[in-house]
Every structure is written in C-alpha cells, then in structure tokens.
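S.K.: Using only what follows, build the 3D model:
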Amino acid sequence: MTSTGRVAAPRAAKESAAPGGSPPGLLGRLGLWSAAHLRLVAVIWLALVAGLGALAPSATSALAGAGWQADGSDSVAVRELAQKHFGGNSSAALQVVVKADRPVSDSVVQDVVGEATALLKADPDISEVVAPQPGSTISHDGRTAIILGGAGAGANEMVKAAEALKGPLTALSADGIQVSATGSSMMWSDFNTASHDAMMKSEMLSWPVTLGILVLAFGTLVAAGLPLLLTVAGLAASAGTLVLLDHVTPVSIWAMNFAMMFALALGIDYALFLVVRFRAALARHGDARRAVGETMDTAGKAVLLSGVTVVASLGVVLLVPSPAFRTMALGIMLAVAFVLAATLTLLPAVLGKLGVKVNSGALPWRRGRTEPVGGSPRFGSWGERLWAHPLRHGIPALVVLVALAVPIVGLKVAMPSIDVVPDDSSSHTGYTAVQKAFGDGAAGTLQIIAPAAEAEATAAVLKESAGIAAVMPARSAADDCGLVLIQAVPTVDPSDAALSTTVDRLRADLPDRALVGGAAVENLDLQSVLDEKTPIVIGAVLALGFLLLLFALQAPLVALLGTVTNLLATGAAFGAARLIFQEGHGASLLDFTPQGFMDGWGPVFFFAMIFAIAMDYTVFLLSSAKEQYEQTGDPRKAMVGALAHSGRVIFAAAAVMVAVFFTFALSGPLPPKEMGIILGLAVLLDAALVRLVLLPVLLRLTGRAAWWSPAWLHKVLPDIKFSHD
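M.R.: Predicted structure coming up:
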C-alpha cells in the first residue's frame, strides 16, 4: 500500500487458513448455527408463516383501495372540507347515473330512482343522498339523472362502499333503463378489482413457467423447489404484516400485489445464488456443514448487500407524500426483509440437513454430475471471449442501450384516464353516460371552497374563465362555518392536458383563500408532486446505490461503473416504454389503446424498482469478481471467474423474472401491462446486455484500476472480504 492508495492484494489462502478452512465470519456463523438448529429454525418460521399467513387471505378486503393523492395539497383539503361541512359532497362521493329511453319523470324510471336512493341511504358510509335536480343533475333532454351519495367516511372506506354497492345498483337496470355508479371512489374500486384479477391471473400463469425454468437451471427437483420455499415464507409473512399494519395506517392493496411479485422474484434470485454456491462447495469439500459456512461467508454477504440495497432504493420512494406510493414501497420492503431473513436462516438450515440430497430428483442429463467447482464452464468460456475481444462485444451492447434510451427525451407522463378501467365497468359506463348527457367536462367537475364573504368574487372569476362551461350556485356550509362550495364544469375531459392550464389559471386568479379541488384536480396535484419529487428520488437512489457498492467493494471506480450501467439499462427500458405506450408501437399486439403518455407513477416508482433489481444482479457479479480478485490479484481471473460463478445465476434468475413480468403483458388493464413490459424489458436488457456483456467489458478495459482505492478509504470503511479460505 502506498500513501495515495492501493489495489487489493491477493490473499495467501494457504498461509492464513486454519486446518479445515478459516474461521467463519458473522454470516458463516449464522448459517452454521441455523444448520445445527434446524428444528428450532423451522418451528420459528412455521409459527411466523402460520400466524401471519392466516391474515393474508383477508388482505384483498382489508387493505385500502384509495390513497392516490398528494398529502397537503389544496385538492385534498377541499375533499376533507366538503366531507365535513357540505354533506359529504366531495370527490369521494358516489354518483348513481340513471339513463333511460324515456323521461326520468316517467313512473317506471322514478321507481328505479327510488330503489337506488334506498340502497344509498341504507349504506352507513353514505351521508346525505341528493335527489336529481332539474337544471343541474337532470340532463336537458330529461333522460339522464344523477343521484348523489355523499361521502360519510374517508376515501378508503368509500372505495369499499363503492365495491359493495355497484352490484346491487347495476342490478336495478331494466329494459331501456341503465343504472351505473361512477365517481372517483367507484373508479378506484373498478380499477383495483380489474388490476388485482389481472395480476392474480398473471401470477398463476407465471408459477408453472417459473418452476420449469428453475428445474432447467438446477437440473434437480429438490434444488428447484428451494426458491419456492423462500417465496412462500416471505410472501405469507409480508402479507400478514401488511394486514396488521393496516390497523395502524391505511395500506394500499397495491402494496400486497407488489410484495407478492418481489417475494417471488427475489426469493428465486437469492436461493439460486446460494444453492449454486452450496453445491459447488459441497462438491469441493464433501462436508455439508463446511459448505454451508463457506456459502454464507461468500454468497451470503452478496445476498445481504443486495437485500439492503433493494430496501434502500425503494425506501427513497417514501419521499413522495402520497399514501399509495409510500405503502407500496413499504410492502415491497417488507417482502424483501422477510425473504432476506429466510434466505439467511431457513435456507442454510435446510441445506445443512439436505447435504448431498440437494441433488436428488436429478433430470436425466444431470444424473451423476456435481456442481462444477470452478463455476460454469460455459459462462467461464464467455468471459474469456469478452476478455479477448472486449470492444467487439461491448460496443454493440452499448449502441443498443443508448439507441433505446434516446427516446426517453420525449417521454410524457400524466395520471391515467378512465380508459384504464374496463369499458363495461360501472364507473366507465356511468362516466360515458354523464359526458353524453352533460358535456365532456361534467365527469370532472371542479369544486371550489371559499369564505362566504368571497363567494361573489369567486363565482365571477369562474364565469369569466374560458376553460369553464358552467358554474353552479354557491352552496353554504350546513354548520354555518362561513364557507361556501361552488361547483364548476370545465369545457374539457378530465384527462385533457388543457384542464391543468385551467386549474393553474384559476388558482392564480381566484381570491387568495379560495381552494380548487375535485377528483380531476387531485390527479393533477399528485402528478405535480411526482414531477417535483422524481429528480430527487432518482438522484437519491443513484447516490445510495453508489455508496452501498463503495461500502461493499471499497473501490470507487468499480462502484461507479456498477451504478452508471444500472442507469443505462433503466434509461433503455423507459425509452422503449415511450415507443410502446406513448407512441403505440405494438399496441395491437399487446391489445391496448395508447393514451399518448405513460401513467404518472411510472418514472418515480418503476425507476426505483428497476434500479433495485439491477443492483441485485450488479451485486452478484461484482461481489464474485471481488472474491476472485482477493484470491488471485489478477483482473482477468476476477472478471472471468465472476462470470463463471455468477453468470448462470444471473441468466436463470433473469429468465424467471422476465417470464414473471411479461405475463403481466397479458393482463387486461393498461397499468399492469405497463408495469410488466417496462420491468420485463429492464431485466432483459440489464441481464443480457449489461451484466453479461457491458460491465464485464468495462472490468476488462479498466483492469487493476477498477479495484484501486485511496488509502484513506480503507481507514474509514470496515474491511469486507467476499473470499473464503
């Protein structure tokens, strides 16, 4: 070591190793303890899974359906004030649309209106019920009427109320009379139901594919089943924890959906990495206990680092002040934590017990074969080829990634339109009926709450605005609190970009104490917050990723290479997403109608998810490279050995994740399609072009410099080793 820095030197394995191998590190001791106490570990996990898993089936009904809002925004304040002072006439209220082929004054139609009113009044979450009013909620042709069911509970409870009411209300439809409930609460109910059903269908399709890939990857049935053990344990425990957490604070149902997806993906990743290394160590030593200790001291450290990195990346999403975003991130973080805990305790306990039986149930081509001690010969050969011809392979990979990333410059984002729910859903049917009868903007009526003293000035500004088609008379608060509610119908559809301009102009021109809200404005406010927070989230995720890699690898350049290549793969995935979902390329094949933009939550949430997954593979590859470099001090052996030891794991794990994510492309609703395609493309590009081509090429081109670090850094950071004597 010099005064300015050092390059990690190879470890003299034979000189430092104690008889039978060096003393195990912390994770090695944890693995050995778990293997020696299988019964205790199994009982603890069985109790945990049984106790928390018993709550999991209630997640669908217990978890929250709303939460897509910007906390602290004017629109949320309007909703809360409207619910408290104006009979629940807020954005969360239900609108029951009765559309008939005859005047609504007809006795048959009036009977239907009466039955719908009775259903609303019987629901405890509905406050006051407002009958159709001529000139406001009865259309000019007299054939469409709207019954308002005021929100008597919070937004999440109103989504559940909408779910309970839409069936009975729709059942009132008769010949020539169509009854459908709409509004924000009903839309979220339909959206959650359709998306959940689609995700369940996709999960069921992905399980057989996943099992098939695992069997091919491992070559034995017993080893292939171990990743599913971790997945089930992590999923059951995290789902039950989310249900318990919902008693403290509302948790989005989407938290459960994402937790399920990540439990499957990371459970497979981690088990693949550990089982492959265990089988190699077992083949080398013939001692299951020693193999467990070595596996945990090497691959176990990488898995722990990966888990911490994933949790940290998703934890940054908590910066977005939206309940739905925060609880979705929390759901994934819980799933990762439980899967990680199972990987570091339950898996080594089972492996220690299985020993050579981990190779039981071998497929014909695998019988009689053991795990190669030096890693995969095929991926080792690929590493040698990359070392010999780095530019021949690296430049095409870089060109493809950059070409796909370029379209991201024109990416547009917005909150989803009504088209994200099925055409035959209650909210979509009612929405369409309202627009046909009352105009395009009627489905996104604005709500303005102002002091009573400023009612006339507020109404005057609204009437003079070019973006407002109609202004309703001011309504005084029921409790004489000195506030008025004025509803204004915009001239455009709620998803039209022009509405944002109208709202911005109103907020600038209205009296200072007037607040503008409504369901459409809540979407605009949330999008505004996402636009503001996205650069912060991206910057924080990148910084955390770099710092965690620096902490583990203790080499600034290799940590930077890992972080930058992650960003390149992510950019390529979003660039491709723009071509598909914004421009509509392949829309007919994927069976969706492009909205002309990507759903607003994509950049911030999908970026964190993609980066977390990419870091997973980065850690596997670079920790293996560092392990080889610590043992040999040879950059060539480090790069080739990293591919030999982790290439097959990355390839197989990526194949599973791509299969899982791409099954969501078969889903009906657009948001699951976006998620599946974007995440699937990201994993495919990251594994195929970045981890298995570009990053190894960069290690080849930088050589020893990749592993150089300043002397002061080693004084600051703890000495972390990935090699095992």
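S.K.: The residue nearest the centre of the chain: what's it in contact with?
M.R.: Most central in the chain under Cα atoms, centre = their mean is residue 258, positioned 5.3 Å from the mean C-alpha point. By Cβ atoms under 8 Å, 6 or more residues apart in numbering, the contact list for residue 258 reads 328, 331-332, 335, 609. All C-beta spots, glycine's among them, are computed from the backbone N, C-alpha and C.
S.K.: next one: residue 438
M.R.: Counting by Cβ under 8 Å, 6+ apart, residue 438 touches 139, 144, 489.
S.K.: where along the stretch 451-600 of the chain do the helices fall?
M.R.: Listed in chain order, the helices of the stretch 451-600 of the chain (DSSP state H, counting those that start in this stretch) span 455-464, 498-509, 519-553, 556-577, 587-590.
S.K.: tell me what the second one is packed against?
M.R.: Which is helix 498-509. strand 446-451, helix 455-464, strand 515-517, helix 519-553 (3 or more Cβ pairs under 8 Å, 6 or more residues apart in numbering; DSSP states H and E).
S.K.: could you give the mean pLDDT of that helix?
M.R.: Mean pLDDT, computed over helix 498-509, is 96.
S.K.: residues of stretch 236-245 that come out buried?
M.R.: Residues of stretch 236-245 classed as buried by neighbour count (16 or more other Cβ atoms under 10 Å): 236-243, 245.
S.K.: ok, back up a step: and of the helices and strands packed on helix 498-509, who's closest to residue 206?
M.R.: helix 519-553 (26.4 Å; Cβ to Cβ).
S.K.: which parts of the closest one are buried?
M.R.: Buried residues in helix 519-553, counted by 16+ other Cβ under 10 Å: 519-530, 533-534, 537-538, 540-542, 544-546, 548-553.
S.K.: sorry, back to before: compare the helices and strands packed on helix 498-509 and give me the one nearest residue 120.
M.R.: Minimum separation from residue 120 across the helices and strands packed on helix 498-509 (Cβ to Cβ) falls at helix 519-553, 18.5 Å.
S.K.: for that closest one, what is the average pLDDT?
M.R.: Mean per-residue pLDDT for helix 519-553: 93.
S.K.: next one: stretch 171-183
M.R.: pLDDT averaged over stretch 171-183 gives 94.
S.K.: Stretch 65-81 now?
M.R.: Mean pLDDT, stretch 65-81: 93.
S.K.: start to end distance for it?
M.R.: Terminal residues of stretch 65-81 lie 21 Å apart, using Cα to Cα, to the nearest Å.
S.K.: Give me the distance from it to the chain's centre.
M.R.: Relative to its parent chain, stretch 65-81 has a centroid offset of 22 Å by Cα atoms, centre = their mean, to the nearest Å.
S.K.: Any figure for the gap between the closest residue to residue 675 other than its chain neighbours and residue 408?
M.R.: Once flanking residues are discounted, residue 675 sits nearest to residue 664: 5.9 Å by Cβ to Cβ, 6 or more residues apart in numbering. Distance from residue 664 to residue 408, counting by Cβ to Cβ, to the nearest Å: 21 Å.
S.K.: now residue 401
M.R.: 12 Å.
S.K.: Please apply the same query to residue 290.
M.R.: 49 Å.
S.K.: Likewise for residue 649?
M.R.: Taking Cβ to Cβ as the measure, residue 649 falls 30 Å from residue 408.
S.K.: Would you agree residue 610 is in contact with residue 684?
M.R.: No. Contact criterion Cβ atoms under 8 Å: residue 610 and residue 684 do not qualify, at 11.4 Å.
S.K.: which of the two has more neighbours?
M.R.: Just comparing residue 610 and residue 684: by other Cβ atoms under 10 Å the higher neighbour count belongs to residue 610, 26 against 20.
S.K.: Quickly find the element holding that one.
M.R.: Taking DSSP states H and E as the definition, residue 610 sits inside helix 607-632.
S.K.: what angle sits between that helix and helix 519-553?
M.R.: 0 degrees (axes from the mean of the first three to the mean of the last three Cα atoms, to 10 degrees).
S.K.: Please identify the next secondary structure element, helix or strand, after helix 607-632.
M.R.: The first helix or strand that comes after helix 607-632 along the chain, using DSSP H and E, is helix 635-663.
S.K.: Compute the inter-axis angle for that following helix and helix 607-632.
M.R.: 150 degrees.
S.K.: ok, how many other residues are close to residue 328?
M.R.: Neighbours around residue 328, by other Cβ under 10 Å: 28.
S.K.: circling back to that earlier point, can you lay out the buried residues of stretch 236-245 as TSV showing distance to residue 509 and pLDDT?
M.R.: Formatted as TSV, those follow (distance: Cβ to Cβ, whole Å; pLDDT from 0 to 100):
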residue	distance to residue 509	pLDDT
236	54	88
237	53	90
238	48	88
239	49	87
240	51	90
241	48	91
242	44	90
243	47	90
245	43	89
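S.K.: which one among these gets closest to residue 616?
M.R.: Proximity of those to residue 616 (Cβ to Cβ) peaks at residue 238, which lies at 17.4 Å.
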